[in-house]
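> A structural model of the following input is requested.
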Amino acid sequence: MKSVEPSFLLPVKKFQSVGGVYTFPSRSVAGSMDAADDLGAGQLAEDLGRLGRKMVFVPAAKKPDLSLIRDASVDHPEGYVLSIEKKGIMVKASTPAGIYYGIQTIRDLVSEFGGRLPCCRIEDEPRFNRRGLYHDCSRGKVPEVGTVKSLIELLSTWKINELQLYIENVFAFRKHPDIGRGFSPYTARDILEIQDHCEKYHVRFVPSLSSFGHMEKILMLEKYKRLGEYPGWSGMPGGLTLCPVDPGSIKLVADLYSEFVPLFKSGDFNVCCDEPWELGKGRSKTAADRIGRGRVYLDFILKLRGLCLKYGKRMNMWGDIVLEHPEILPLLPKDLVMLNWDYGFNNPRSRIAQTAKFSDNGLPLVCCTGTNAWSTNGSMLSRAYRNVEDFTAEAVRHSAEGILHTDWGDGGHRNTLAVSLCSVSHAAGFAWAGTKMRTEGHTARFCRRVFGDSSGRMEKMLEILSDESNGHWTYTAAYESIRSIENFYNFYGQGRWYASPDWKKLRSLTFTPEFVEKRRGDLAGLNFRDRFGSGDRFLNEMLVQFDLAARMDGLAWERLGVHRALSGKNAGLPKALLSSHREHCVSVRDLFEKTWLRTNRRSRLDDNLYGFNRTIAELDSLIG
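Okay, here's the model as predicted:
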């Protein structure tokens, strides 16, 4: 047995090898004085069951093989001490959460070594107290409550202790029933059920509700569009942003808060307030010209803070507009938690580089990273990795409370949850271990720990799926006219929209016919469901979603090839080939619909299907 530190998914603070091996017997006992410890012990028992070994939980067992012990000397409430000796295993912690996290480390060791673990002593605790996932439920997909609960269970195994759901209008407000109608909104009962599950798995369920910008889905309704800052902005009936100088705006928000906020036990509440694009350009222009746009923004923020205090909540808010107006930084109350977000790399113009502006002004801080899986089918994994690395270093440097990893659903939320998971586990490692976490080898560790694959096959498949030559253009390709595909390839595919880690390589790439066909073939060869499997229903659903992502990207490359054939010197294609392409479009559309409904409410599915059907109709016209 090797004596070097094992390849943990989440690094531990202190590891000491003591020599020797502990072998799980065919039947072992886990014992604790607290019945709550059965949760983690049950997960470990399932892992051992796949190895043909049985573990049972026996409260107050006299001589257990796995001893779970409360010990007040373990200072950090989420910390633990794990001892693995030849005669047995012991986890000590001062809280149920600490015991649970200690068991997750044992499970990580089992995923690497099977039933024979290296004897060692581990002392561990988190680098950041807040380790969260922020999941978009408002751009298209509204996950079923069961899906959210399964996600919570998975997040907890990565020692993530906070979940926020991004809600613009997908809540059933009793006083304002029109707001969520047609969007498959969550009910108060749904929220309470999710919260109960979070508590069971040591996860804080923190409320989040758009309160200023990103209000277009409410302002498009006739009853509310009068509250918009600039009705008609961006083609939306009421615009995108509430008018901060209209008394009706804060009255509406107060109504929404009165039903939503009291449901949550968390002391924090994210009021959002990012990207109020038309602020100071419409109905508040006179006030903005007189006192400044920043001051108009601040005045509305202070009104929201008053509402938060009414419910005993500590107000959290996105920090982008504050950084645009640094003159208001000294005027912000010191109990406001600033959520500094940036999903790119650390450079002098990034918000990452401006993190100190919050800490220097005495404001609590959370650094918000991103999966970079939105507006893609297969994710921008290398970009996400670099983003988390850079931002975590700043979070450590400026004593941030934590890391909140965001997973958005821009452009209809066709991106699947599955393609974000590797990035989420990566960010969880940095949130737990800080800069001790290493990106190198993480994808392989993720495949081993989560899906049980140590062969390297799944890692290679994920690398193909997250290759940035796919990028944003493939996300739009199934929706756009076959005759405009080249424009989307030129704009997105060659890295001109943003600077990626490989942007120079991307810009220099020539997508020759051979390259296009190879990329299409690589994606067509991916088959996650048949090659990998899990006893876990939720993880099997994620494999289904990986397959959908590969099919979507493969269709995009096929469409690029068809476009070039249509517009070449010998323009035109045999009808049989066009018909074959049409059948492929139909099959991907049908798979998309089926996969969406397996784990999500219907919500805006029809909007996405409309895009597919439009491209299919175009092919029908070409076929004649």
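> Would you mind confirming that residue 253 makes contact with residue 210?
No: using C-beta atoms under 8 Å, residue 253 is not in contact with residue 210, being 9.5 Å away. Yep, even glycine has a C-beta here, placed from its N, CA and C like the rest.
> ok, the spatially closest residue to residue 294 that is not a sequence neighbour - how many residues close by?
Once flanking residues are discounted, residue 294 sits nearest to residue 325: 2.9 Å by C-beta to C-beta, 6 or more residues apart in numbering. Residues lying near residue 325 (other C-beta atoms under 10 Å) number 15.
> So residue 332 is in contact with residue 364, correct?
No: contact criterion C-beta under 8 Å: residue 332 and residue 364 do not qualify, at 10.6 Å.
> if I look at the residue nearest to residue 294, how far off is residue 613?
Note on residue 325: its distance to residue 613, by C-beta to C-beta, to the nearest Å, is 44 Å.
> Contact partners for residue 447?
With contact set as C-beta atoms under 8 Å, 6 or more residues apart in numbering, residue 447 has these partners: 453-454, 458-459, 462.
> Could you turn the buried ones of the residues you listed into a ChimeraX selection?
Selection of buried members from the contacts of residue 447 for ChimeraX, criterion 16 or more other C-beta atoms under 10 Å:
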select :453,458,459,462
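> For the contacts of residue 447, work out which two are farthest apart.
For these, the farthest-apart pair by C-beta to C-beta is 454 and 462; their separation is 14.1 Å.
> Per the annotation, how does this structure divide into domains?
Using automatic domain parsing, the domain parsing of the chain gives 14-124, 215-266+275-314, 457-623.
> So residue 368: helix, strand or coil?
Of the three states, residue 368 takes strand under DSSP: H, G, I helix; E, B strand; the rest coil.
> And for it, the neighbour number?
Neighbourhood size, residue 368 [other C-beta under 10 Å]: 24.
> I figured it hits residue 339, correct?
Yes: counting by C-beta under 8 Å, residue 339 is a contact partner of residue 368 at 5.1 Å.
> Find the residues that touch each one of those two.
318, 404.
> Could you tell me how many residues sit around residue 576?
9.
> Would you point out which residue is most central in this protein?
Per C-alpha atoms, centre = their mean, the C-alpha nearest to the average position across the chain is that of residue 407, at 3.2 Å.
> how close does that residue get to residue 128?
Residue 407 is 18 Å from residue 128, where distance means C-beta to C-beta.
> Over to residue 5?
Per C-beta to C-beta, residue 5 is found 21 Å from residue 128.
> between the two, which one's more packed in?
With neighbours defined as other C-beta under 10 Å, residue 5 and residue 128 compare such that residue 128 has more, 23 against 15.
> In terms of helix, strand or coil, where does that one fall?
Residue 128 ends up coil, using three-state DSSP.
> List the contacts of the closest residue to it other than its chain neighbours.
Using C-beta to C-beta, 6+ apart and skipping residues adjacent in sequence, the residue nearest residue 128 is residue 402, 4.1 Å away. Taking C-beta under 8 Å, 6+ apart, we find residue 402 in contact with 128-132, 162, 366-367, 395, 431.
> beta partners of residue 402?
residue 130, residue 366 (DSSP bridges).
> now swap in residue 23 and tell me
Here residue 23, judged by DSSP bridges, has bridge partners residue 116.
> Just the buried residues of stretch 204-221, please?
In stretch 204-221, counting by 16+ other C-beta under 10 Å, buried: 204-220.
> Those in helices, which ones?
216-219 (DSSP state H).
> what would these look like in a markdown table with distance to residue 63 and pLDDT?
As requested, these are exported to a markdown table (distance: C-beta to C-beta, whole Å; pLDDT from 0 to 100):
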| residue | distance to residue 63 | pLDDT |
| --- | --- | --- |
| 216 | 63 | 98 |
| 217 | 60 | 97 |
| 218 | 61 | 98 |
| 219 | 66 | 98 |
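> quick one: stretch 534-545 to chain centroid distance?
In terms of C-alpha atoms, centre = their mean, to the nearest Å, the centre of stretch 534-545 is found 17 Å from the chain centre.
> Strands of the stretch 251-400 of the chain, start to end?
All strands of the stretch 251-400 of the chain, identified by DSSP state E, counting those that start in this stretch, fall at 268-270, 314-318, 337-341, 365-370.
> Dump those strands to CSV, plus distance to residue 584.
Output for the strands of the stretch 251-400 of the chain, formatted as CSV (distance: least, C-beta to C-beta, whole Å):
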stretch, distance to residue 584
strand 268-270, 42
strand 314-318, 40
strand 337-341, 38
strand 365-370, 31
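> I'd like to know which of these is closest to residue 481.
strand 365-370 (30.0 Å).
> Any of the contacts of residue 402 buried? List them.
Going by neighbour count (16+ other C-beta under 10 Å), the contacts of residue 402 have 128, 130-132, 162, 366-367, 395, 431 buried.
> Now the terminal residues of stretch 158-178, how far apart.
38 Å (C-alpha to C-alpha, to the nearest Å).
> sorry, back to before: need the max-distance pair from the buried ones among the contacts of residue 402.
Maximum distance among the buried ones among the contacts of residue 402 (C-beta to C-beta): 14.4 Å, for 162 and 395.
> ok, and what's touching the helix or strand encompassing residue 614?
Using DSSP states H and E, residue 614 sits within helix 605-623. Outside helix 605-623, the residues within contact range by C-beta under 8 Å, 6+ apart are 140, 412, 414, 478-482, 566, 575, 578-579, 581-582, 585-586, 588-589, 592-593, 596-597.
> Filter these down to the buried ones and hand me the ChimeraX line.
Those of the contacts of helix 605-623 that count as buried under 16+ other C-beta under 10 Å are selected in ChimeraX with:
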select :140,412,414,478,479,480,482,566,578,581,582,585,588,589,592,593,596
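> Which of the residues in the top helix by length along the chain are classified as buried?
Counting by DSSP H, the longest helix found in the chain is helix 537-566. Buried residues in helix 537-566, counting neighbours by 16+ other C-beta under 10 Å, are found at 538-539, 541-563, 565-566.
> tell me the contacts of residue 54?
By C-beta under 8 Å, 6+ apart, the residues touching residue 54 are 26-28, 45, 48.
> hang on, the earlier thing: can you put the contacts of residue 402 in a markdown table and add pLDDT and distance to residue 121?
Listed next are these as a markdown table, based on pLDDT from 0 to 100; distance: C-beta to C-beta, whole Å:
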| residue | pLDDT | distance to residue 121 |
| --- | --- | --- |
| 128 | 98 | 24 |
| 129 | 98 | 24 |
| 130 | 98 | 28 |
| 131 | 99 | 24 |
| 132 | 98 | 30 |
| 162 | 99 | 29 |
| 366 | 98 | 32 |
| 367 | 98 | 32 |
| 395 | 98 | 29 |
| 431 | 98 | 24 |
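> Out of the residues you listed, which two sit at the greatest distance?
162 and 395 (14.4 Å).
> give me the low-pLDDT residue ranges for the stretch 351-500 of the chain?
Counting by pLDDT under 70, the stretch 351-500 of the chain shows low-confidence ranges at 488-500.
> and stretch 600-609, how far from the chain's centre?
20 Å.
> Do me a favour and get the end-to-end distance for it?
Start to finish, the residues bounding stretch 600-609 are 15 Å apart (C-alpha to C-alpha).
> go on, stretch 128-139?
Stretch 128-139: ends 29 Å apart by C-alpha to C-alpha.
> cool, and stretch 50-64?
21 Å.
> What of stretch 262-274?
Length of stretch 262-274, first residue to last, C-alpha to C-alpha: 23 Å.
> Give me the mean pLDDT for it.
Averaged across stretch 262-274, pLDDT comes to 98.
> for stretch 512-531, same thing?
91.
> Report the distance from that stretch to the chain centre.
With C-alpha atoms, centre = their mean, you get 26 Å for stretch 512-531.
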